[in-house]
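Novice: can you look at this prediction? I've put the sequence above it.
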Amino acid sequence: MNRPYKLSVVVLVYNTEPFMRDCLDSLVNQTLDDLEIILVNDESPDDSVAIIEEYQRIYPNIKLINQKNSGGAVAGNNGLTVATGEYVTLMDSDDVVPLDAYEKLYNKAKESNADIVIGKAKILVNGELKEVLHEKERDVWKKEREITDLLQFPDIFYDGFYWNKIYRREFLFKYDCFMPPGMLYADRPMVHKAFLYANKIEIITDVVYYWRKRGETGAKSITQLKGDINNFRDRMESLYYQLDYIEAFGNEQIKTEFIKRNLERLFFPIKSIVIDEEFRDVYLAEVKEFLVTVSNVYDNDIGIIRNLYIYMILNDLTNELVEFLQTDQNGAILEEDGIYYWALPYFQNPDVSIPDQFFKVNVLQRQFIKIEQISVENGFIHINDISYPDAFSVDQVKIEIISRLDDRDKAVYEVKRNKENLLAIEIPLKSYQTNNLYDIYIVFCSKDREDQFRIFNKMLNNRFKKLEFFHENVKRELFFEGGKLSYIVVDTQLKSIKLDEEKVSIDVLEPETDLTFFLKSRGSKDTIYFHQQDDGRFVLPWNHFIEPNRTFDLFIKIFKKGVRLHINQIPKYQAQKVIADGFYNELYKTENNNISLKTSTTFRKSVRRLLGQT
């Protein structure tokens with residue numbers, strides 16, 4: 001190829017063999033043509049390189065660079081140095097890129113002649129997509145924007161990731177926008193410096209990156225090592241590095257806006273001071289040293305709790321801070337002389353004497369939102385009596401229901417006042433696609449801001465774990481996962497469930513490769529999975545699980561969640577009884593018309609019959 005590539009993708013490779021094929025498959029199948037793929041092996045000890053070399057034999061646009069172990073920053077810089085694309089990007093080798101991501105980013109760059117184009121990211125956890133946790137990062141990607149002056153949208157500084165963006169290569173080199181070698185948090189210095197010098201930045205709302213979160217089984221990522229002293233010091237080094245080049249840029253207003261949007265990051269590891277005294281001493285000393293340099297340090301949007309952290313750190317209230325971190329950071333909203341306060345611990349406590357102004361309520365938070373009841377009735381989800389403190393000026397309240405599989409699948413409903421003048425809403429069940437999983441948000445809109453919150457179980461007076469119901473032959477369930485409300489819609493129809501002397505078998509109308517069924521013991525909570533045979537049937541032999549006098553509930557697993565099987569999912573359902581291996585086994589429906597399986601000894605069954613018990 002004589003002409004340069006449209007885009008060069010630099011992939012940082014270290015110890016990611018289990019995910020290497022997923023990463024490479026997402027790159028070699030991109031819809032953007034003229035793509036250069038550069039993989040930089042940082043002396044990875046696993047077999048990642050063998051997989052890369054296998055792909056190299058098939059795809060001539062793949063290049064491999066081997067370097068002595070020097071860290072991700074050096075690997076990324078080395079890859080950028082050899083890249084020949086008009087635009088460049090970086091990614092980690094355990095992550096995945098949607099197949100049309102780079103085409104969307106590149107087309108936007110060419111259409112607008114932008115130096116940087118940014119897209120939306122999602123977290124990938126065990127095959128399931130979730131929103132990036134930090135709300136302010138998500139808000140950067142919430143709507144399309146064209147930025148020619150950072151003061152038009154200083155919230156862009158909340159986004160410090162290198163991998164959800166493409167950059168004009170010539171521009172990066174002109175302004176020396178690279179990662180500082182040896183620094184763990186090296187992405188933010190590179191990205192934010194590029195923001196400073198870009199003539200034009202475009203933001204698109206398409207998802208362009210899946211950021212894999214590996215969970216607790218593997219090595220912890222950088223961001224999971226919140227309490228590690230060296231990790232914290234590197235975080236501070238990254239912050240000071242950025243302040244140095246922002247000072248050199250020479251715009252005091254941009255510097256102020258940058259600091260305001262980095263204060264919150266100081267408190268990511270703060271709870272570790274409770275359990276680690278050595279970390280406590282280092283953390284408090286370094287954070288205080290930084291905070292005293294910030295003019296108008298409380299003029300920010302990080303909320304009451306974090307500003308209380310600042311006050312206690314600056315005033316050496318170490319014991320009070322440690323105690324505060326261990327208490328329930330909640331309290332009533334109180335009104336005094338027309339001003340509303342959040343009565344958190346230490347509010348108007350004469351022994352601590354924190355000024356009342358630090359408890360003054362300015363920004364709506366999820367702790368202030370109350371919901372009297374959520375129920376399901378007559379084909380509708382009912383959310384009744386939504387309230388929030390009068391301190392907040394709210395023009396409109398909405399409910400947003402967004403698919404976890406595709407956030408373009410989204411429904412928005414305006415909450416209105418009912419006859420009792422209470423905020424309430426009815427949401428039709430039939431509006432949602434089957435075999436889908438949705439997250440439920442409440443949104444408060446005012447003239448100058450929009451606050452979106454996942455509905456949280458502590459908002460509710462009528463606490464529940466889940467509401468199961470059937471509507472139009474589709475199993476539906478409202479449930480709380482990690483305290484947050486979701487809605488699952490399952491439309492899997494079964495031909496039959498059969499018991500015989502050898503096994504339990506399930507026959508599905510339309511077998512799917514990712515479908516799973518399992519039993520869960522009510523007593524021990526043990527989970528026993530069915531095996532799918534070549535003919536599509538799911539089978540579980542008795543001798544794999546049977547024990548006397550146990551009750552098992554039957555579940556279908558969908559989107560990593562178990563949902564109880566309901567008789568409406570089996571048009572030809574019938575109760576069954578069979579004796580197998582000396583046990584009496586009975587398939588029956590519960591009071592809620594879900595399906596369960598009971599095992600007992602034949603002797604015990606005979607005694608129960610004599611006593612007239614079922």
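Specialist: Right, received. Where do you want to start?
Novice: contacting residues around Gly85?
Specialist: 4-8, 35-36, 169 (CB atoms under 8 Å, 6 or more residues apart in numbering). Yep, even glycine has a C-beta here, placed from its N, CA and C like the rest.
Novice: let's go with 10 Å and repeat that
Specialist: 4-10, 34-36, 38, 106, 166-169 (CB atoms under 10 Å, 6 or more residues apart in numbering).
Novice: ditto for Ile546
Specialist: Counting by CB under 10 Å, 6+ apart, Ile546 makes contact with 504, 528, 540, 552, 580-583, 585, 597, 599.
Novice: hmm, back to that, ok, the contacts of Gly85 vs Leu196, which is closest?
Specialist: Tyr167 (13.0 Å; CB to CB).
Novice: output the lowest mean pLDDT helix or strand found in the protein.
Specialist: In the chain, no helix or strand scores lower on mean pLDDT, DSSP states H and E than helix 602-610, which sits at a mean of 51.
Novice: just to revisit the earlier point, by neighbours, which of the contacts of Gly85 wins?
Specialist: Using other CB atoms under 10 Å as the neighbour criterion, Ile166 leads the contacts of Gly85 with 30 neighbours.
Novice: dump the residue contacts of it.
Specialist: 6-9, 85-90, 101-102, 104-106, 108-109, 114-119, 202, 208.
Novice: need the three-state assignment for the residue lying closest to Asn418 once chain neighbours are set aside.
Specialist: Of all residues not flanking Asn418 in the chain, Ala424 sits nearest, at 4.6 Å (CB to CB, 6 or more residues apart in numbering). Assigned by DSSP: H, G, I helix; E, B strand; the rest coil, the conformation of Ala424 is strand.
Novice: check the one 10 residues further on too.
Specialist: Remark: Thr434 carries the secondary structure label coil [criterion: three-state DSSP].
Novice: wait, isn't it in contact with Asp491?
Specialist: Yes - using CB atoms under 10 Å, Thr434 is in contact with Asp491, at 3.5 Å.
Novice: what do these two both touch?
Specialist: 472-476.
Novice: any idea of the mean pLDDT for the biggest strand by length in the chain?
Specialist: For the chain, the strand with the greatest residue count under DSSP state E is strand 201-212. In this model, strand 201-212 has an average pLDDT of 94.
Novice: return the next helix or strand after that strand as CSV; C-alpha atoms alone will do.
Specialist: With elements assigned by DSSP states H and E, the helix or strand that comes after strand 201-212 is helix 229-249. Extracted as CSV, the C-alpha positions of helix 229-249 are listed here (Å, rounded to 0.1, in the frame of the first residue of the first chain):
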residue,chain,number,x,y,z
ILE,A,229,0.3,3.8,48.5
ASN,A,230,2.3,3.7,45.3
ASN,A,231,-0.8,3.7,43.2
PHE,A,232,-2.1,6.8,45.0
ARG,A,233,1.2,8.6,44.7
ASP,A,234,1.2,7.9,40.9
ARG,A,235,-2.3,9.4,40.8
MET,A,236,-1.0,12.6,42.4
GLU,A,237,2.1,12.6,40.1
SER,A,238,-0.3,12.4,37.1
LEU,A,239,-2.3,15.3,38.4
TYR,A,240,0.8,17.5,39.0
TYR,A,241,2.2,16.6,35.6
GLN,A,242,-1.0,17.8,34.0
LEU,A,243,-1.0,21.1,36.0
ASP,A,244,2.5,21.8,34.8
TYR,A,245,1.6,21.8,31.1
ILE,A,246,-1.7,23.6,31.7
GLU,A,247,0.3,26.3,33.4
ALA,A,248,2.5,26.4,30.4
PHE,A,249,-0.6,26.7,28.1
